[in-house]
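K.L.:
Mind looking at a prediction? Sequence and model below.
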Amino acid sequence: MKQYFSSSFILPISSFMSNSKLLILLNGGKMSRNYLLGIANSARRLGVDHYCVEIDQVRAAMAQNQGSAIHQFDALLQRERIGAVLSYTLNGCDLPGENASGTFRTFFELRGIPHLMFWTDHPQWAADKQGLNTKLQPAFRSANCFHFVKTSAHAIELNRILGWPNCFDCPLACDPGQIRPADTADPEFDIVAIYGGSPRLLDRLRPFLDAEDPDPRDLMLSYADDIRAGLDALWKSDAPDMLRPQLQALSSKLLDARLNDPLKASIWHVPGLAQEFPVAMRWLTANHLSYFKMTAHLYKLRNWLRHFMPAYLARYFRLAIFGGDWTGMGCIKGEWGSNAPSTGLGTGWIDLADMPKVLAKGRLTLNLSAGYDEEGITAKPFEIAASGVTMLHNDATGLGDFFKLGEEAFSFSTPKEARKIVQEMIDDPVRCRAVGAAARARLEKDHSWDSRLTRLLSVLDRSVATAQAA
């Protein structure tokens, strides 16, 4: 098998791994591959003995001759003294396992190698929702698998709803060596953002554009009727007749709770709902696909952030979107790479290395949470910080834990507040540049993959120590 690279260092941060290596399964793709390469760079800096393998080559070899490929892979695991494996999402769980005495054991569990699975996207929608695949649940529920997601809320949700035993929070990050600030020039735009697609402003949101201070609750309520209709249709299609009234009451109460506290994830309301609707909650837990369909409807409450905010800000400022065509929202179409007119293409991917050059075209970079990110932040805020530019982000649970708001980043709770921040930064370009520089410094100090790899391996250490003491 082709070796991407390997290194040989002594591991100071994990006693369990002190005499072995961490195997990193590299996958194809763009963003997720960069995460893994960033972690591998951190392993080198931290002195973590590690070895990288291309998972697609492993799969191809096994498809051609499974017996021979397993023999070769086993030889590699032994030769390189592999003590644990790290993958993006479910990669590696699809390798041949074994059913023995009614209990499924994964490929790595059979070999006594703990598997760290880094779900940078939530399992209920990442990788074409393979995290919900019924056939794969025995693998995911293996005590040998350690699942890492962005927030404690989502870790608790996976444990309670899907029954995955080892679920932990681990934020995303950015390798400061992968993204470096671009040479600054006079910004072409007031605000820039990177988003794909070609959206149009929804009719239900048009009246809010003329409001001086649109109320976020009113914006959320504009989605409520559609959410209720979707939930009613869900219970009619999925639930037994006798349970429908309870499920309708439960989901209605959860909808009200999310309206009243949109920054609080659905799972935090589950204990109270389980007390009030015990039968309905047990059914939802046993039928996890229906539970996640329910929460997917509730995600729509915060869709106004991406559906409305770019159009609102574009009425007051020069706002350019790179990646997709957002002219239907009143935004300027940013031109870069395959977006340039000479290519004849309507959309284009912004490579990680090009991100700082694109973001430097604006005084501020706008980043808006997707509805399904109920809490926490994605990798994008860390990439923006690495670019050394000033970020404007919607309020999000945990954002202030990563950046000092007002000094390293800005957040807003209302459209008018966002507008006010943008205008202040236009009027004070020196402060605006200082905030971007402070964000870069904070990233280098606290938010490279170094701290995240330390978190992954410390969880493994504690778990192994607990198992050995039992």
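P.N.:
Sure, I can see it.

K.L.:
Contact partners for the closest residue to residue 274 other than its chain neighbours?
P.N.:
Excluding its sequence neighbours, the residue lying closest to residue 274 (C-beta to C-beta, 6 or more residues apart in numbering) is residue 281, at 4.1 Å. Yep, even glycine has a C-beta here, placed from its N, CA and C like the rest. Applying C-beta atoms under 8 Å, 6 or more residues apart in numbering, we find residue 281 in contact with 250, 270, 273, 274.

K.L.:
same question, residue 143
P.N.:
109, 165, 166 are the contacts of residue 143 under C-beta under 8 Å, 6+ apart.

K.L.:
Mark which of those residues are part of helices, please.
P.N.:
Counting by DSSP state H, those place residue 109 in helices.

K.L.:
Buried only: go through the contacts of residue 143 for me.
P.N.:
Among the contacts of residue 143, those buried by neighbour count (16 or more other C-beta atoms under 10 Å) are 109, 166.

K.L.:
Check the contacts of residue 143 against residue 66 and report the nearest one.
P.N.:
residue 109 (17.9 Å; C-beta to C-beta).

K.L.:
In which helix or strand does residue 358 reside?
P.N.:
Using DSSP states H and E, the element containing residue 358 is helix 355-359.

K.L.:
Please tabulate the contacts of residue 281 in TSV, including the columns pLDDT.
P.N.:
What follows is the contacts of residue 281, written out as TSV (pLDDT from 0 to 100):
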residue	pLDDT
250	98
270	96
273	97
274	97
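
K.L.:
hang on, the earlier thing: now the helix or strand following the helix holding residue 358 - C-alpha only, CSV.
P.N.:
Once the chain leaves helix 355-359, the next helix or strand it forms, by DSSP H and E, is strand 362-367. Only the C-alpha atoms of strand 362-367 are listed here, as CSV (Å, rounded to 0.1, in the frame of the first residue of the first chain):
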residue,chain,number,x,y,z
GLY,A,362,-13.7,42.2,2.4
ARG,A,363,-13.4,44.3,5.5
LEU,A,364,-15.3,41.6,7.4
THR,A,365,-16.1,38.0,6.8
LEU,A,366,-19.6,36.9,7.5
ASN,A,367,-20.2,33.4,8.8
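
K.L.:
Is residue 464 located within a helix, as I assumed?
P.N.:
Yes. Judged by DSSP: H, G, I helix; E, B strand; the rest coil, residue 464 forms part of a helix.

K.L.:
tell me the pLDDT at residue 128?
P.N.:
You'll see residue 128 listed with a pLDDT of 79.

K.L.:
do the same with the one 3 residues further on
P.N.:
On the pLDDT scale, residue 131 is placed at 88.

K.L.:
Now it. Nearest residue, chain neighbours left out?
P.N.:
Closest to residue 131 by C-beta to C-beta, 6+ apart is residue 123, at 2.7 Å.

K.L.:
can you confirm that neighbour is in a strand?
P.N.:
No. Assessed with three-state DSSP, residue 123 is coil; it does not lie in a strand.

K.L.:
could you list every residue that touches it?
P.N.:
Going by C-beta under 8 Å, 6+ apart, residue 123 touches 89, 131, 132, 140, 147, 149, 158, 162.

K.L.:
what about it, distance to residue 161?
P.N.:
10 Å (C-beta to C-beta, to the nearest Å).

K.L.:
now residue 443
P.N.:
Residue 443 sits 33 Å away from residue 161, going by C-beta to C-beta.

K.L.:
Who has more neighbours out of those two?
P.N.:
residue 443 (26 against 20; other C-beta atoms under 10 Å).

K.L.:
Secondary structure element holding the spatially closest residue to the more buried one that is not a sequence neighbour?
P.N.:
With C-beta to C-beta, 6+ apart as the criterion, residue 443 has its nearest non-adjacent residue at 4.2 Å, and that residue is residue 385. Take DSSP H and E as the rule and residue 385 turns out to sit in helix 380-386.

K.L.:
and that helix, what does it pack onto?
P.N.:
helix 355-359, strand 362-367, strand 390-394, helix 399-402, helix 429-446 (3 or more C-beta pairs under 8 Å, 6 or more residues apart in numbering; DSSP states H and E).

K.L.:
Between the ones you listed, which one is closest to residue 285.
P.N.:
With C-beta to C-beta as the measure, helix 399-402 is the member of these nearest residue 285 (29.7 Å).

K.L.:
Could you pull out the buried residues of the helix or strand hosting residue 40?
P.N.:
Using DSSP H and E, residue 40 sits in helix 31-46. Residues of helix 31-46 classed as buried: 32, 34, 35, 36, 37, 38, 39, 40, 41, 42, 43, 46 (neighbour count, 16+ other C-beta under 10 Å).

K.L.:
Now pLDDT and distance to residue 227 too, for those residues, in a markdown table please.
P.N.:
Formatted as a markdown table, those follow (pLDDT from 0 to 100; distance: C-beta to C-beta, whole Å):
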| residue | pLDDT | distance to residue 227 |
| --- | --- | --- |
| 32 | 92 | 31 |
| 34 | 95 | 35 |
| 35 | 96 | 32 |
| 36 | 97 | 36 |
| 37 | 96 | 39 |
| 38 | 97 | 37 |
| 39 | 97 | 38 |
| 40 | 97 | 42 |
| 41 | 97 | 43 |
| 42 | 97 | 41 |
| 43 | 96 | 44 |
| 46 | 94 | 45 |
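
K.L.:
ok, of those, which one's closest to residue 62?
P.N.:
Distance from residue 62 was checked for each of the buried residues of helix 31-46 by C-beta to C-beta. The minimum falls on residue 36, at 20.4 Å.

K.L.:
In this model residue 383 seems to touch residue 179, though I could be wrong.
P.N.:
Yes. Using C-beta atoms under 8 Å, residue 179 is in contact with residue 383, at 5.8 Å.

K.L.:
Touching both of these two, which residues are there?
P.N.:
With C-beta under 8 Å, 6+ apart as the test, residue 179 and residue 383 both reach 352, 355.

K.L.:
re earlier: take the contacts of residue 143 and lay them out in CSV including pLDDT.
P.N.:
Compiled in CSV, these are given as follows (pLDDT from 0 to 100):
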residue, pLDDT
109, 95
165, 94
166, 95
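
K.L.:
Of the contacts of residue 143, just say which sits nearest to residue 74.
P.N.:
residue 109 (14.0 Å).

K.L.:
Show me the contact partners of the helix or strand hosting residue 467.
P.N.:
If you go by DSSP H and E, residue 467 is part of helix 449-469. Applying C-beta under 8 Å, 6+ apart, the contact partners of helix 449-469 are 11, 13-17, 22, 35, 38-39, 41-43, 45-46, 48, 84, 86, 114, 116, 118, 146, 148, 166, 168, 170-175.

K.L.:
how about a cut-off of 7 Å?
P.N.:
Helix 449-469 is contacted by residues 13-17, 38-39, 41-43, 45-46, 48, 84, 86, 114, 116, 146, 148, 166, 168, 170-171, 173, 175 when judged by C-beta atoms under 7 Å, 6 or more residues apart in numbering.
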